[in-house]
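> Mind looking at a prediction? Sequence and model below.
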Amino acid sequence: MQATLISILGLALLGALHAQNSIPVQADFQQDKLAGRWYSIGLASNSNWFKDKKHLMKMCTTDIAVTADGNMEVTSTYPKGDQCEKRNSLYIRTEQPGRFSYTSPRWGSKHDIRVVETNYDEYALVATQISKSTGSSNMVLLYSRTKELAPQRLERFMQFSQEQGLKDEEILILPQTDKCMADAA
C-alpha cells in the first residue's frame with residue numbers, strides 16, 4: 001500500500017514537472033521589442049487571491065524596460081479603490097530567452113515567467129507558474145499595445161488558459177477603464 005502511494009505521488013510530481021516544462025516560450029524572442037507600454041486585457045489564474053479579487057479587477061497598464069544587465073523592470077499601474085497603485089518587479093533573465101524568474105519580496109513566492117507568444121506590436125501572451133510554501137498556482141496574462149484587441153487574440157488567450165488547466169470561471173477579460181491610464185507613465 002505504501003509503495004503504491006509513493007508511486008502515485010512520484011508520478012504526480014513527474015506530471016507536474018512535465019507540465020511546467022511543456023509551457024512554450026516565444027521562438028527567437030527579442031527582449032528589446034517587448035519594452036514599452038502594454039495594457040492588461042486578460043487575466044486567468046487558479047490562485048485564491050484571484051478568486052477573491054476577480055470581481056474588483058479592471059484593465060491596467062504595464063510598462064516594461066530592459067535593464068543594462070538584460071533583466072526586465074516591470075511596472076504595473078492599476079486602479080485600487082479611489083487610488084492608482086503601482087507595483088514594481090524585476091524579472092531576472094534566465095539562460096532561455098523569453099523566460100524569467102521573479103521572487104516576491106512581500107510573499108516569498110517564486111515565479112517562473114514565460115513569454116509564450118508575441119508579435120511585439122499588437123499582443124503578448126505570458127504564462128507564470130507561482131510556487132510558495134502553501135502550494136502552487138498558474139497565471140496567464142494577455143497584454144495589448146492598445147485598449148482593445150482583435151477577437152482572435154482574445155480567443156487564443158482563452159484557449160491557451162484552458163490548455164493550462166484553467167477553468168472558464170478562472171479566466172477574465174478585464175473590464176476597460178480610463179482610471180489610472182493617463183498617469184501610468
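Received the coordinates, thanks. Numbering: from 1, shown residues only.
> can we go C-alpha only for contacts and neighbour counts from here?
OK.
> Give me the residue ranges of the protein where confidence is low.
Filtered on pLDDT under 70, the chain yields the residue ranges 1-21, 182-185.
> Could you pull out the strands in it for me?
Using DSSP state E, the strands of the chain run over 36-45, 60-66, 72-80, 83-93, 99-103, 110-118, 123-132, 135-144, 171-173.
> Include mean neighbour count and distance to Gly165 when you put those strands into a markdown table, please.
Formatted as a markdown table, these follow (neighbours: other CA atoms under 10 Å; distance: least, CA to CA, whole Å):
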| stretch | mean neighbour count | distance to Gly165 |
| --- | --- | --- |
| strand 36-45 | 24 | 10 |
| strand 60-66 | 22 | 25 |
| strand 72-80 | 19 | 26 |
| strand 83-93 | 16 | 25 |
| strand 99-103 | 19 | 20 |
| strand 110-118 | 21 | 16 |
| strand 123-132 | 21 | 12 |
| strand 135-144 | 21 | 9 |
| strand 171-173 | 20 | 11 |
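> could I get those as TSV with distance to Phe160?
Listed next are these as TSV, based on distance: least, CA to CA, whole Å:
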stretch	distance to Phe160
strand 36-45	10
strand 60-66	21
strand 72-80	23
strand 83-93	22
strand 99-103	17
strand 110-118	10
strand 123-132	9
strand 135-144	8
strand 171-173	10
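> out of these, nearest to Ala27?
strand 110-118 (8.0 Å; CA to CA).
> With only the CA atoms kept, save that closest one in PDB.
The C-alpha coordinates for strand 110-118 follow below in PDB (Å, rounded to 0.1, in the frame of the first residue of the first chain):
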ATOM      1  CA  LYS A 110       8.800  32.200  -6.700                       C
ATOM      2  CA  HIS A 111       7.600  33.000 -10.300                       C
ATOM      3  CA  ASP A 112       8.600  31.200 -13.400                       C
ATOM      4  CA  ILE A 113       7.600  33.700 -16.200                       C
ATOM      5  CA  ARG A 114       7.500  32.800 -19.900                       C
ATOM      6  CA  VAL A 115       6.600  34.900 -22.800                       C
ATOM      7  CA  VAL A 116       4.600  32.300 -24.700                       C
ATOM      8  CA  GLU A 117       3.900  34.300 -27.900                       C
ATOM      9  CA  THR A 118       4.000  37.900 -29.100                       C
END
